[in-house]
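[1] Could you look at this predicted model? Sequence included:
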Amino acid sequence: MLFSAKRYSYVWSVSELGKGIRQKFAGHIRLLVQVFFACITNGFAEGFATGSIYQGAFKRICVPGLNCYSCPGALGSCPLGSLQNSIAGRGKPFPFYVLGFLTVFGIVLGRAVCGFLCPFGLIQELLNKIPFPLKRKALPGDIYFRFVKYVILALFVVILPVFAVNAYGISAPWFCKYICPAGTLEGGLPLVLTDSGIRSSVGILFFIKLAILAAVLIFAVVVYRPFCRYFCPLGAIYGLFNKIALIRMTTDKGKCISCGKCEDACKMGVNPRTNPNSAECIRCGECIRKCPCKAISVERLYSRPSQQ
């Protein structure tokens, strides 16, 4: 009996050790995917050295995340930039390709794109890991600020590019030109630093966008993913698909004990107990790892749980 008890204790210890290793590794899988995808989609190393922009065949293909076309390393195009250029001005054909691309990724992944495939989201996450004594879970007025990204989507991505045209019927990609901090960081700064011609033509608009970028990066140290949460129009688009995407979350209310640990773990301000498929959820999986009852899970394709 003593031998059996020791053996059982040993097996249990090994099992718990294995479980702990798996959980720790699972917590880093998303980071590895983010880094890998950022490297793959920005694999034109020559561009960083020469200050040139890749113009090959891959540039005709959109990448799912916010990744500036003008980034020296970018191999693909940003879907927001492509959408604005497709609709900017008069006489432009309907942007079937870009809208179809966004719809496919939205239906399949929803805002999992934000959590796994967006380089600018990765940058904000890494900044948030910097120790800082005044960390906040959200900005004051969080519930209202969340709607700003939809205003930016409607106004700067759609309305102004379509209707704010010059005498020749030409418009600008308003969001990219006047707001996008990802474009400033990934495209503007590297090109200004490496190209003397561009550097000599820098004007006030560049410094305004530099100030926007600085504000986003500073706030990213304090608040988790502030741009994604409050201002990103691409995240707003993908968020609209969260409730119908093939990758969805589900909460088994029969198992849930309402301990609140999942809500505390969510850095995007979502309550997985009541709204696991919120438009704010980026599918990071922290709520799944923190739930002591295993009540939260990724829903299987084509199945609808009775609990929701």
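    Yes, it's here.
[2] Next up, the contacts around Leu217.
    By C-beta atoms under 8 Å, 6 or more residues apart in numbering, the residues touching Leu217 are 123-124, 127, 181, 185. To be clear about C-beta, it is placed using only N, CA and C from the backbone, and glycine gets the same treatment.
[3] One more pass at 10 Å, please.
    With contact set as C-beta atoms under 10 Å, 6 or more residues apart in numbering, Leu217 has these partners: 123-124, 127, 181, 185, 226-227.
[4] pLDDT and distance to Asn166 added to these, as CSV?
    Shown next, in CSV, are the contacts of Leu217 (pLDDT from 0 to 100; distance: C-beta to C-beta, whole Å):
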residue, pLDDT, distance to Asn166
Ile123, 97, 34
Gln124, 98, 35
Leu127, 97, 38
Pro181, 97, 26
Leu185, 96, 29
Pro226, 97, 34
Phe227, 98, 30
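[5] Go through these and say which is closest to Ile40.
    Closest approach to Ile40 among those (C-beta to C-beta): Ile123, at 16.0 Å.
[6] Quick check: that closest one touching Pro226?
    No: using C-beta atoms under 10 Å, Ile123 is not in contact with Pro226; the gap is 11.8 Å.
[7] mind showing which ranges of the chain have poor pLDDT?
    1-27, 90, 300-308 (pLDDT under 70).
[8] any idea how far the residue sitting nearest the centre point of it lies from Ile29?
    Of all residues in the chain, the one closest to the mean position by C-alpha atoms, centre = their mean is Cys114, 2.4 Å from it. Noted for Cys114: a distance of 16 Å to Ile29, by C-beta to C-beta, to the nearest Å.
[9] on that earlier part again, which of Ile123 and Pro226 has more residues huddled nearby?
    Neighbour count, other C-beta atoms under 10 Å: between Ile123 and Pro226, Pro226 has more, with 24 against 21.
[10] Name the nearest residue to that one, sequence neighbours excluded.
    Nearest residue to Pro226, sequence neighbours excluded (C-beta to C-beta, 6 or more residues apart in numbering): Phe219, at 4.3 Å.
[11] so who does the one you found touch?
    124, 127-128, 136, 139, 225-227, 229-230 are the contacts of Phe219 under C-beta under 10 Å, 6+ apart.
[12] Repeat that for Glu46.
    52, 54, 72-73.
[13] Over to Leu31?
    Contacts of Leu31 (C-beta under 10 Å, 6+ apart): 116, 122, 125-126.
[14] Now do the same contact list for the closest residue to Ile282 other than its chain neighbours.
    Once flanking residues are discounted, Ile282 sits nearest to Gly115: 3.5 Å by C-beta to C-beta, 6+ apart. Residues near Gly115 by C-beta under 10 Å, 6+ apart: 30, 33-34, 109, 121-122, 125, 225, 228, 238, 268, 281-285.
[15] who wins for neighbours among those?
    Result: Ile282 is most packed of the contacts of Gly115 (other C-beta under 10 Å), 29 neighbours.
[16] Provide the secondary structure category for that one.
    coil (DSSP: H, G, I helix; E, B strand; the rest coil).
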